[in-house]
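1. I'll drop the sequence and a predicted model, then ask my questions.
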Amino acid sequence: MGLLTRLLNRPGSQADRRVGRFLRSSAELETLGEEFAELTDEELTARAGEVFSSGSPDEQRIRYAALAREAADRALGERPYDTQLTGLAGLLDGTVVQMLTGEGKTLVGALAAAGYALQGRRVHVVSVNDYLAVRDRDWMAPVFELLGVEAAAISGAAPDAQRRESYRAAVVYGSVSEIGFDVLRDRFRLPGEELRIPERDVVIVDEADSVLIDEARVPLVLAGSTEKEDADRAIARLVAGLDPEEHIEVSEDRRSVSLTSAGIDRVEEELDADLYGADTDRLAAVNIALYARMLVHRDVDYIVVDGEIKLVDAARGRIAQLQRWPDGLQAAVEAKESLETSVSGEILDQMTVEELIHSYARVCGMTGTALAVGDDLREFYDLEIVPVDPHEPVIRVDEPDRLYTFQESKERAIVEEVAAAHAERRPVLIGTRSVAESESLAARLRERGIECEVLNAKDDSREAEIIARAGRADAVTVSTQMAGRGTDIRLGEESDDGAADVAEAGGLLVIGAGRYESSRLDDQLRGRAGRQGDPGTSVFFTSLEDDLMTRVPEAQRFVEEGDETGLIASKRAAALVEHAQRIAEGENTAVHRDTWRFNELMAKQRQLVLTRREEIRTGERGPEELREMLGAERVSEIEEATSADVLDAAIRDVMLFRIDERWVEHLAFLNDLREGIHLRTLAREKPHEAFNTESIEAFSTFWDDVLAAACDVLEEAEFTEDGVDLPAHGLKRPSSTWTYLTTENVFGSDIENVVKRVRARR
């Protein structure tokens, strides 16, 4: 029995044991496969509709796997390996399946989606972007058709009518953000309007670790039109003039920034104000401007395109479409770049990606790097992991990291490594951590006479083409993070030289220009080499100036140990690289846990509001409460002038407006409370407890406020046969709405530093 089978049958995991039984069913799969091979296409489609109608769950799963293999072979010319069928079994069992890059996860996800649909369930296959969602649906369309399952895809460019039609399909492909935005839009349905998303039943998450862990705390926002918000440009100019050495202090982990004592004196003198007095808004503006100046970097965290700030997705190195920072920071960075302040609008509702995923009845997923976040997946989603062996053994050589003193010496060494490989016509892929680094390395390579393709946030329009060609002889590709690129690198692809020639040269050489904060991202980059048993090599170059290494100040003492090239041979220094990465991973898990603790109560309050709102929208409740508050005399007056039905409709309309209005107010209160909650440490309060106490207190009057506000309108309103003219009574909904993503609150540790400084001054 192999190691994987032993792991899958370890005590304590029912999912592992069920998938383990599936692994031992190869003979039965072959017998069923021969039977299904004799069927016509029409007969195969008919059998697909019956495959889950009888037998035990294990028998159904084995029967479906054999049928799905035949369908994929006929429709796509791709006959799933046993390993892919094992992944299929894991998804159908509601787990996260770990399959390495190039092992065929797209097909596995499609077959699992069809399997759930054939059981009568509605399935969303969520990916990290629109491109992959549309591509995968189109690619897998023939197998869905042969299995008799309707599948559709949505994208940000799709009009509302088309989106509504797509959601009627049994299987819907979409990016996690677009599906989340539609959930938010459904939140504000009025009487007579249908849901865009009728049911959130099964979700299959592609790149599960990225979506479920890296993006889990990203809030998706629905905003409504208001006036423009002006950034405090005077404060931005003041902060820009401060001396970084004398006036500003950046924490060792470079996650927070604050004023020194001299900085406080300088700012208070310039503003002629007490920063720690009653005007807390002024202090917040200064802190945000400091953060924008010192810790948010152009061509790393954002780029400027056509006069607009475009955020860079740190996990993927591409533009984060529709994403913006919390309004204060967005405006501060725009002021820093002397750009016009963008419209922020009023937040109508928001929810985190994690909250969205938790709203599905069943969650499963697939990724190449799940085991590294197994504890997090269990803690936050109660999900188990099924690791699947690759179809061919991995023979890639992963060389030890090479640590250098400075960024300059590291980049020179990378260029030398590329030049040596290029001389042998060996393809090279360089993964960088930022746009700036990718452009710097590309410039150095071109100076050396080595042409290269660059894939970063400034130009990702040719992404699929560039990645697909990265395995050909002579190819040199410089790319920001490879996670979620969704295109395999095949050796010798689109080249006059065949794969054998490239393999003989050693296969793809992957160079990491520095470790990421997560070892998973390193592994995803490494995994681009050695696909499907191909030869390949990976090596990471790190410098003591990398952001990751600045987290461990003790690493800086090794700067004197570099040789003439800057290479540091000390094993103790090399060990600090992984130590720094473990620190970063621990911090990110802590932030995730912290975010969930803050959002958990908000999510429960939102659900209470949505449940009550739906009861009012459909007429299940509402009229009776308002009729009683209005009094018999006013009710009779209205009904004599119109009718009971008109009154009930008016009550629903007014109450829905007041519920939405009150929720917007409550959400604004919670966001403001959250932003400043760490200041409660001044009073020795625990931030989470203080947040929960105050949010519960604020919510306690929610329904009374809604009823009172609705009653005020109905008592004074003039009724016609059409009901009440709501806009005439000031009840106007936004003239336009839009969606965007924001980043999680970044000021917690920053404010804690300020609090410490305030205490010291007392």
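-> Cool, the structure landed. Residues are numbered from 1 along each chain as shown.
2. could I have stretch 710-720 exported to PDB, CA atoms only?
-> Taking Å, rounded to 0.1, in the frame of the first residue of the first chain, the C-alpha atoms of stretch 710-720 are listed here in PDB:
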ATOM      1  CA  ALA A 710     -41.600  54.500   8.800                       C
ATOM      2  CA  CYS A 711     -44.600  55.500  11.000                       C
ATOM      3  CA  ASP A 712     -43.500  59.200  10.800                       C
ATOM      4  CA  VAL A 713     -43.700  59.100   7.000                       C
ATOM      5  CA  LEU A 714     -47.000  57.300   6.900                       C
ATOM      6  CA  GLU A 715     -48.600  59.600   9.400                       C
ATOM      7  CA  GLU A 716     -47.900  62.700   7.300                       C
ATOM      8  CA  ALA A 717     -47.900  61.200   3.700                       C
ATOM      9  CA  GLU A 718     -50.500  62.000   1.100                       C
ATOM     10  CA  PHE A 719     -51.900  58.900  -0.400                       C
ATOM     11  CA  THR A 720     -53.100  58.400  -3.900                       C
END
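3. What residues of that stretch count as buried?
-> Judged by neighbour count (16 or more other Cβ atoms under 10 Å), stretch 710-720 contains these buried residues: 710-711, 713-714, 717, 719. Any C-beta I mention is one placed from the backbone N, CA and C, and that applies to glycine too.
4. how about TSV for the residues you listed, with pLDDT, distance to Pro198 and secondary structure added?
-> TSV is the format used below for these (pLDDT from 0 to 100; distance: Cβ to Cβ, whole Å; DSSP: H, G, I helix; E, B strand; the rest coil):
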residue	pLDDT	distance to Pro198	secondary structure
Ala710	93	29	helix
Cys711	93	34	helix
Val713	92	32	helix
Leu714	91	32	helix
Ala717	88	34	coil
Phe719	87	34	strand
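5. So, low pLDDT: which residues of the stretch 301-450 of the chain?
-> Within the stretch 301-450 of the chain, the segments meeting pLDDT under 70 span 313-323, 326-327, 343-345.
6. Quick check: of the buried residues of stretch 710-720, which lies closest to Ser25?
-> Ala710 (61.0 Å; Cβ to Cβ).
7. State the next helix or strand along the chain beyond the helix or strand Ser479 falls within.
-> For Ser479, the host element (DSSP states H and E) is strand 476-480. Remark: after strand 476-480, the chain's next helix or strand is helix 499-504, criterion DSSP H and E.
8. wouldn't Lys410 be in contact with Glu416 here?
-> No: contact between Lys410 and Glu416 fails when scored by Cβ atoms under 8 Å: they sit 10.9 Å apart.
9. These two: which has the busier surroundings?
-> When Lys410 and Glu416 are compared on other Cβ atoms under 10 Å, the one with more neighbours turns out to be Lys410, at 26 against 12.
10. what's near enough to touch the more buried one?
-> Applying Cβ atoms under 8 Å, 6 or more residues apart in numbering to Lys410 gives the contacts 404, 513-514, 541-543, 545, 566.
11. State the helix or strand in which it lies.
-> Assigned by DSSP H and E, Lys410 belongs to helix 407-423.
12. Just checking the distance from stretch 385-400 to the centre of its chain.
-> 26 Å (Cα atoms, centre = their mean, to the nearest Å).
13. just how off-centre is the helix or strand harbouring Ala262 within its chain?
-> Element membership of Ala262 [criterion: DSSP H and E] is helix 261-271. Its chain's C-alpha centre and that of helix 261-271 lie 39 Å apart, by Cα atoms, centre = their mean.
14. For it, which residues meet the burial criterion?
-> For helix 261-271, the neighbour count (16+ other Cβ under 10 Å) marks 263-264, 266-268, 271 as buried.
15. Include pLDDT and distance to Glu38 when you put these into JSON lines, please.
-> Output for the buried residues of helix 261-271, formatted as JSON lines (pLDDT from 0 to 100; distance: Cβ to Cβ, whole Å):
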{"residue": "Gly263", "pLDDT": "90", "distance to Glu38": "80"}
{"residue": "Ile264", "pLDDT": "90", "distance to Glu38": "82"}
{"residue": "Arg266", "pLDDT": "90", "distance to Glu38": "85"}
{"residue": "Val267", "pLDDT": "89", "distance to Glu38": "81"}
{"residue": "Glu268", "pLDDT": "88", "distance to Glu38": "86"}
{"residue": "Leu271", "pLDDT": "86", "distance to Glu38": "84"}
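16. Tell me the one of those residues nearest Val502?
-> Looking across those and measuring by Cβ to Cβ, the closest to Val502 is Gly263, at 56.3 Å.
17. if I pick that closest one, what's in contact with it?
-> Applying Cβ under 8 Å, 6+ apart, we find Gly263 in contact with 242, 246-249.
18. Give me the buried subset of those residues.
-> By 16+ other Cβ under 10 Å, the contacts of Gly263 give 242, 247-249 as buried.
19. if we can go back for a sec, what are the buried residues along the helix holding Lys410?
-> For helix 407-423, a neighbour-count test (16+ other Cβ under 10 Å) marks 407, 409-411, 413-415, 417-418, 421-422 as buried.
20. Next, report how far it is displaced from the centre of its chain.
-> So, by Cα atoms, centre = their mean, the centroid of helix 407-423 is 33 Å from its chain's centroid.
21. Name the SS class of the nearest residue to Cys711 once chain neighbours are set aside, please.
-> The shortest distance from Cys711 to any non-neighbouring residue, by Cβ to Cβ, 6 or more residues apart in numbering, is to Met629 (4.7 Å). Following DSSP: H, G, I helix; E, B strand; the rest coil, we place Met629 in the helix state.
22. Relative to Ala710, how far out is Met629?
-> Going from Met629 to Ala710 by Cβ to Cβ, to the nearest Å gives 8 Å.
23. circling back: just the ones in strands from the buried ones among the contacts of Gly263, please.
-> 248-249 (DSSP state E).
24. As TSV, the buried ones among the contacts of Gly263 with pLDDT and distance to Gly174 would be great.
-> Formatted as TSV, the buried ones among the contacts of Gly263 follow (pLDDT from 0 to 100; distance: Cβ to Cβ, whole Å):
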residue	pLDDT	distance to Gly174
Leu242	91	45
His247	92	48
Ile248	92	43
Glu249	90	44
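25. quick one: which of the buried ones among the contacts of Gly263 is nearest Ala335?
-> Using Cβ to Cβ, Leu242 comes nearest to Ala335 of these, at 14.7 Å.
26. separation between that closest one and Val286?
-> 10 Å.
27. Now for these two: what residues contact both?
-> Val267.
28. ok, Val143 touching Ala72?
-> Yes: here Val143 reaches Ala72: they are 5.3 Å apart, a contact under Cβ under 8 Å.
29. State which helix of this structure is the longest.
-> helix 571-617 (DSSP state H).
30. Apart from its chain neighbours, what residue comes closest to Leu275?
-> Counting by Cβ to Cβ, 6+ apart, Leu275 lies nearest to Leu283, which is 5.0 Å off, once chain neighbours are set aside.
31. Mind pulling the model confidence for Ala580?
-> Model confidence at Ala580, given as pLDDT, is 92.
32. Could you do the one 5 residues further on as well?
-> According to the model's per-residue confidence, Glu585 sits at a pLDDT of 90.
33. ok, the residue nearest to it when sequence neighbours are not counted to Ala529 distance?
-> The shortest distance from Glu585 to any non-neighbouring residue, by Cβ to Cβ, 6+ apart, is to Ser518 (5.9 Å). For Ser518, the distance to Ala529 equals 19 Å [Cβ to Cβ].
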